[in-house]
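Colleague: got a structure for you, letters missing:
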(Lines give C-alpha, C1' and ligand atoms only; values in the text may rest on other atoms or scores of the structure.)
Protein backbone atom coordinates (compact mmCIF):
# COMPACT_ATOMS: atom_id res chain seq x y z
CA UNK A 1 0.00 0.00 0.00
CA UNK A 2 2.85 2.37 0.69
CA UNK A 3 4.51 4.08 -2.27
CA UNK A 4 8.16 5.12 -2.65
CA UNK A 5 7.47 8.89 -2.91
CA UNK A 6 5.25 9.17 0.17
CA UNK A 7 7.81 11.43 1.87
CA UNK A 8 7.65 13.93 -0.98
CA UNK A 9 3.86 13.68 -1.03
CA UNK A 10 3.62 14.27 2.72
CA UNK A 11 5.85 17.34 2.44
CA UNK A 12 3.77 18.76 -0.41
CA UNK A 13 0.51 18.16 1.47
CA UNK A 14 1.88 19.84 4.59
CA UNK A 15 2.81 22.92 2.56
CA UNK A 16 -0.56 23.07 0.79
CA UNK A 17 -2.40 22.61 4.07
CA UNK A 18 -1.01 25.97 5.25
CA UNK A 19 -0.87 27.82 1.94
CA UNK A 20 -3.95 26.61 0.04
CA UNK A 21 -6.49 24.50 1.98
CA UNK A 22 -8.67 23.93 -1.12
CA UNK A 23 -5.75 22.55 -3.10
CA UNK A 24 -4.74 20.49 -0.06
CA UNK A 25 -8.10 18.73 0.26
CA UNK A 26 -8.31 18.24 -3.52
CA UNK A 27 -4.90 16.54 -3.67
CA UNK A 28 -5.73 14.49 -0.58
CA UNK A 29 -8.96 13.28 -2.19
CA UNK A 30 -7.44 12.50 -5.61
CA UNK A 31 -4.52 10.62 -4.05
CA UNK A 32 -6.20 8.56 -1.36
CA UNK A 33 -9.90 8.13 -2.16
CA UNK A 34 -9.49 5.03 -4.36
CA UNK A 35 -6.95 3.13 -2.19
CA UNK A 36 -8.94 3.93 0.96
CA UNK A 37 -12.05 2.60 -0.74
CA UNK A 38 -10.30 -0.73 -1.30
CA UNK A 39 -9.29 -0.94 2.36
CA UNK A 40 -12.70 0.05 3.76
CA UNK A 41 -14.48 -2.36 1.41
CA UNK A 42 -12.64 -5.20 3.14
CA UNK A 43 -14.52 -4.27 6.32
CA UNK A 44 -17.84 -3.08 4.89
CA UNK A 45 -18.75 -4.94 1.71
CA UNK A 46 -21.23 -2.34 0.49
CA UNK A 47 -20.00 0.21 -2.04
CA UNK A 48 -22.65 2.80 -1.16
CA UNK A 49 -21.71 2.59 2.51
CA UNK A 50 -18.01 2.79 1.66
CA UNK A 51 -18.63 5.97 -0.32
CA UNK A 52 -20.61 7.46 2.60
CA UNK A 53 -17.82 6.59 5.05
CA UNK A 54 -15.10 8.13 2.87
CA UNK A 55 -17.09 11.26 2.14
CA UNK A 56 -17.59 11.70 5.87
CA UNK A 57 -13.86 11.19 6.52
CA UNK A 58 -12.84 13.85 3.98
CA UNK A 59 -15.56 16.21 5.21
CA UNK A 60 -14.26 15.86 8.76
CA UNK A 61 -10.74 16.66 7.53
CA UNK A 62 -12.02 19.75 5.70
CA UNK A 63 -14.18 21.01 8.55
CA UNK A 64 -11.55 20.31 11.20
CA UNK A 65 -8.58 21.61 9.25
CA UNK A 66 -7.59 24.14 11.93
CA UNK A 67 -7.53 21.46 14.62
CA UNK A 68 -5.58 18.84 12.67
CA UNK A 69 -2.42 17.66 14.46
CA UNK A 70 0.96 17.48 12.80
CA UNK A 71 0.74 14.50 10.45
CA UNK A 72 3.86 12.51 9.58
CA UNK A 73 2.06 10.19 7.15
CA UNK A 74 -1.22 11.24 5.57
CA UNK A 75 -1.69 7.74 4.18
CA UNK A 76 -1.49 6.18 7.65
CA UNK A 77 -3.62 8.94 9.20
CA UNK A 78 -6.44 8.57 6.66
CA UNK A 79 -6.26 4.77 6.75
CA UNK A 80 -6.72 4.83 10.51
CA UNK A 81 -9.62 7.33 10.31
CA UNK A 82 -11.35 5.32 7.59
CA UNK A 83 -10.94 1.96 9.33
CA UNK A 84 -12.18 3.35 12.64
CA UNK A 85 -15.26 4.74 10.85
CA UNK A 86 -15.84 1.38 9.16
CA UNK A 87 -15.58 -0.47 12.48
CA UNK A 88 -18.06 1.93 14.10
CA UNK A 89 -20.46 1.32 11.23
CA UNK A 90 -20.13 -2.45 11.60
CA UNK A 91 -20.68 -2.29 15.34
CA UNK A 92 -23.85 -0.26 14.83
CA UNK A 93 -25.15 -2.46 12.08
CA UNK A 94 -24.40 -5.85 13.66
CA UNK A 95 -25.90 -7.64 10.70
CA UNK A 96 -25.89 -11.40 10.74
CA UNK A 97 -25.28 -13.17 7.49
CA UNK A 98 -27.35 -16.27 6.88
CA UNK A 99 -25.74 -19.05 4.90
CA UNK A 100 -27.66 -21.61 2.85
CA UNK A 101 -26.81 -25.21 3.67
CA UNK A 102 -28.24 -26.90 0.62
CA UNK A 103 -27.72 -30.70 0.58
CA UNK A 104 -25.02 -31.78 -1.88
CA UNK A 105 -26.02 -33.25 -5.21
CA UNK A 106 -25.47 -37.01 -5.09
CA UNK A 107 -25.22 -37.37 -8.87
CA UNK A 108 -21.72 -37.73 -10.38
CA UNK A 109 -20.13 -34.39 -11.18
CA UNK A 110 -17.59 -33.72 -13.92
CA UNK A 111 -14.17 -32.51 -12.70
CA UNK A 112 -14.54 -29.01 -14.18
CA UNK A 113 -18.01 -28.55 -12.70
CA UNK A 114 -16.74 -29.88 -9.39
CA UNK A 115 -13.91 -27.35 -9.40
CA UNK A 116 -16.38 -24.52 -10.06
CA UNK A 117 -18.57 -25.73 -7.21
CA UNK A 118 -15.60 -25.78 -4.86
CA UNK A 119 -14.57 -22.27 -5.98
CA UNK A 120 -17.95 -20.93 -4.89
CA UNK A 121 -17.88 -22.88 -1.64
CA UNK A 122 -14.31 -21.75 -0.94
CA UNK A 123 -15.24 -18.08 -1.36
CA UNK A 124 -18.16 -18.53 1.04
CA UNK A 125 -15.96 -20.40 3.52
CA UNK A 126 -13.35 -17.62 3.50
CA UNK A 127 -16.03 -14.97 4.05
CA UNK A 128 -17.50 -17.02 6.91
CA UNK A 129 -14.04 -17.53 8.45
CA UNK A 130 -13.28 -13.80 8.25
CA UNK A 131 -16.54 -13.07 10.06
CA UNK A 132 -15.23 -15.08 13.03
CA UNK A 133 -12.29 -12.70 13.54
CA UNK A 134 -12.61 -9.93 16.15
CA UNK A 135 -12.79 -6.46 14.49
CA UNK A 136 -9.18 -5.30 15.00
CA UNK A 137 -7.85 -8.79 14.37
CA UNK A 138 -9.71 -8.89 11.04
CA UNK A 139 -8.44 -5.47 9.99
CA UNK A 140 -4.83 -6.43 10.74
CA UNK A 141 -5.25 -9.71 8.86
CA UNK A 142 -6.84 -8.10 5.80
CA UNK A 143 -4.29 -5.29 5.63
CA UNK A 144 -1.58 -7.96 5.67
CA UNK A 145 -3.13 -10.47 3.30
CA UNK A 146 -5.18 -8.30 0.93
CA UNK A 147 -3.28 -5.01 0.95
CA UNK A 148 0.15 -6.68 1.43
CA UNK A 149 1.19 -4.16 4.06
CA UNK A 150 4.14 -4.94 6.32
CA UNK A 151 3.68 -5.26 10.08
CA UNK A 152 5.35 -1.86 10.51
CA UNK A 153 3.04 -0.22 7.97
CA UNK A 154 0.00 -1.72 9.70
CA UNK A 155 1.29 -0.58 13.09
CA UNK A 156 1.75 2.96 11.77
CA UNK A 157 -1.71 3.03 10.18
CA UNK A 158 -3.51 1.74 13.27
CA UNK A 159 -1.26 3.43 15.85
CA UNK A 160 -0.38 0.17 17.56
CA UNK A 161 2.96 -1.51 18.11
CA UNK A 162 4.42 -3.98 15.59
CA UNK A 163 4.32 -6.58 18.39
CA UNK A 164 0.55 -6.07 18.72
CA UNK A 165 0.23 -6.52 14.96
CA UNK A 166 2.23 -9.74 15.21
CA UNK A 167 0.03 -11.00 18.06
CA UNK A 168 -3.17 -10.11 16.18
CA UNK A 169 -1.90 -11.89 13.06
CA UNK A 170 -1.02 -14.98 15.08
CA UNK A 171 -4.54 -15.02 16.51
CA UNK A 172 -6.08 -14.46 13.07
CA UNK A 173 -4.06 -17.28 11.49
CA UNK A 174 -5.06 -19.71 14.23
CA UNK A 175 -8.73 -18.90 13.70
CA UNK A 176 -8.47 -19.05 9.89
CA UNK A 177 -6.67 -22.42 10.02
CA UNK A 178 -9.34 -23.78 12.35
CA UNK A 179 -12.26 -22.46 10.30
CA UNK A 180 -10.83 -23.48 6.91
CA UNK A 181 -9.37 -26.87 7.86
CA UNK A 182 -12.25 -28.73 6.21
CA UNK A 183 -12.02 -26.67 3.03
CA UNK A 184 -8.27 -27.30 2.74
CA UNK A 185 -8.86 -31.03 3.15
CA UNK A 186 -11.58 -31.00 0.47
CA UNK A 187 -9.34 -29.14 -1.97
CA UNK A 188 -6.53 -31.65 -1.45
CA UNK A 189 -9.05 -34.40 -2.23
CA UNK A 190 -10.33 -32.56 -5.30
CA UNK A 191 -6.81 -32.16 -6.72
CA UNK A 192 -6.24 -35.88 -6.27
CA UNK A 193 -9.60 -36.67 -7.89
CA UNK A 194 -8.95 -34.40 -10.89
CA UNK A 195 -5.49 -35.89 -11.32
CA UNK A 196 -6.90 -39.41 -11.29
CA UNK A 197 -9.67 -38.46 -13.72
CA UNK A 198 -7.16 -36.91 -16.13
CA UNK A 199 -4.88 -39.96 -16.04
CA UNK A 200 -7.76 -42.39 -16.53
CA UNK A 201 -8.75 -40.44 -19.64
CA UNK A 202 -5.14 -40.69 -20.93
CA UNK A 203 -4.63 -36.93 -20.48
CA UNK A 204 -1.68 -35.13 -19.00
CA UNK A 205 -2.41 -34.13 -15.39
CA UNK A 206 -2.81 -30.38 -15.92
CA UNK A 207 -4.50 -29.89 -12.56
CA UNK A 208 -1.41 -28.08 -11.24
CA UNK A 209 -2.49 -25.10 -13.33
CA UNK A 210 -6.22 -25.40 -12.53
CA UNK A 211 -8.35 -22.96 -10.59
CA UNK A 212 -8.53 -25.55 -7.84
CA UNK A 213 -4.77 -25.47 -7.33
CA UNK A 214 -4.95 -21.69 -7.25
CA UNK A 215 -7.64 -21.82 -4.57
CA UNK A 216 -5.50 -24.16 -2.52
CA UNK A 217 -2.48 -21.91 -2.87
CA UNK A 218 -4.46 -18.84 -1.80
CA UNK A 219 -5.94 -20.64 1.20
CA UNK A 220 -2.53 -21.88 2.33
CA UNK A 221 -1.19 -18.32 2.08
CA UNK A 222 -4.20 -16.96 3.98
CA UNK A 223 -3.78 -19.52 6.74
CA UNK A 224 0.02 -19.36 6.93
CA UNK A 225 0.36 -23.04 6.01
CA UNK A 226 3.70 -23.95 4.40
CA UNK A 227 4.03 -26.37 1.52
CA UNK A 228 5.69 -29.65 2.21
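Modeller: Ah, there it is. Only a predicted model underlies this, so the values are computations on that prediction, with no experimental measurement involved. Numbering: from 1, shown residues only.
Colleague: Where does the prediction get shaky in this structure?
Modeller: For the chain, the stretches with pLDDT under 70 are 1-5, 94-122, 184-228.
Colleague: what about the helices in it?
Modeller: In the chain, the helices defined using DSSP state H lie at 6-19, 21-43, 47-63, 74-93, 111-130, 135-145, 151-158, 162-200, 211-223.
Colleague: I'd say residue 171 and residue 138 touch.
Modeller: No. Using C-beta atoms under 8 Å, residue 171 is not in contact with residue 138; the gap is 10.3 Å. (Each C-beta comes from the backbone N, C-alpha and C, glycine too.)
Colleague: Between these two, point out the one with more neighbours.
Modeller: A count of neighbours by other C-beta atoms under 10 Å puts residue 138 above the other of residue 171 and residue 138, at 20 against 16.
Colleague: What about the closest residue to that one other than its chain neighbours, how many residues nearby?
Modeller: Distances taken as C-beta to C-beta, 6 or more residues apart in numbering put residue 130 closest to residue 138, at 6.0 Å, once the chain neighbours are dropped. A count of nearby residues for residue 130, using other C-beta under 10 Å, gives 20.
Colleague: and if you look at residue 14?
Modeller: Counted with other C-beta under 10 Å, the neighbours of residue 14 add up to 15.
Colleague: And residue 15, by the same measure?
Modeller: By the measure other C-beta under 10 Å, the count of residues near residue 15 is 12.
Colleague: any idea how far residue 44 is from it?
Modeller: Distance of residue 15 to residue 44, given as C-beta to C-beta, to the nearest Å: 33 Å.
Colleague: try residue 172
Modeller: Where residue 44 is concerned, residue 172 sits at a distance of 18 Å (C-beta to C-beta).
Colleague: Neighbour count: these two, which is higher?
Modeller: Neighbour comparison, residue 172 and residue 44: the larger count goes to residue 172, with 27 against 18 (by other C-beta under 10 Å).
Colleague: Next up, the contacts around the more buried one.
Modeller: 133, 137, 138, 140, 141 (C-beta atoms under 8 Å, 6 or more residues apart in numbering).
Colleague: ok, it to residue 140 distance?
Modeller: From residue 172 over to residue 140 the distance is 7 Å, taken as C-beta to C-beta.
Colleague: residues near residue 163, how many?
Modeller: Neighbourhood size, residue 163 [other C-beta under 10 Å]: 10.
Colleague: Please disregard the earlier target; I meant residue 176.
Modeller: 22.
Colleague: Was I right to think it contacts residue 131?
Modeller: No. Applying C-beta under 8 Å as the test, residue 176 and residue 131 come out as separate, 11.3 Å apart.
Colleague: Count residues in the vicinity of the closest residue to residue 139 other than its chain neighbours, would you?
Modeller: Nearest residue to residue 139, sequence neighbours excluded (C-beta to C-beta, 6+ apart): residue 83, at 5.6 Å. Neighbour count of residue 83, defined by other C-beta under 10 Å: 23.
Colleague: Does residue 83 touch residue 39 like I think?
Modeller: Yes. Residue 83 lies in contact with residue 39 (C-beta under 8 Å); the separation is 6.8 Å.
Colleague: Need phi/psi at residue 132.
Modeller: Main-chain dihedrals, residue 132, degrees, to the nearest 10: phi -80, psi -10.
Colleague: pretty sure it contacts residue 179?
Modeller: Yes. Using C-beta under 8 Å, residue 132 is in contact with residue 179, at 5.7 Å.
Colleague: So for these two, which residue has more residues nearby?
Modeller: Higher neighbour count among residue 132 and residue 179: residue 179, with 18 against 13, using other C-beta under 10 Å.
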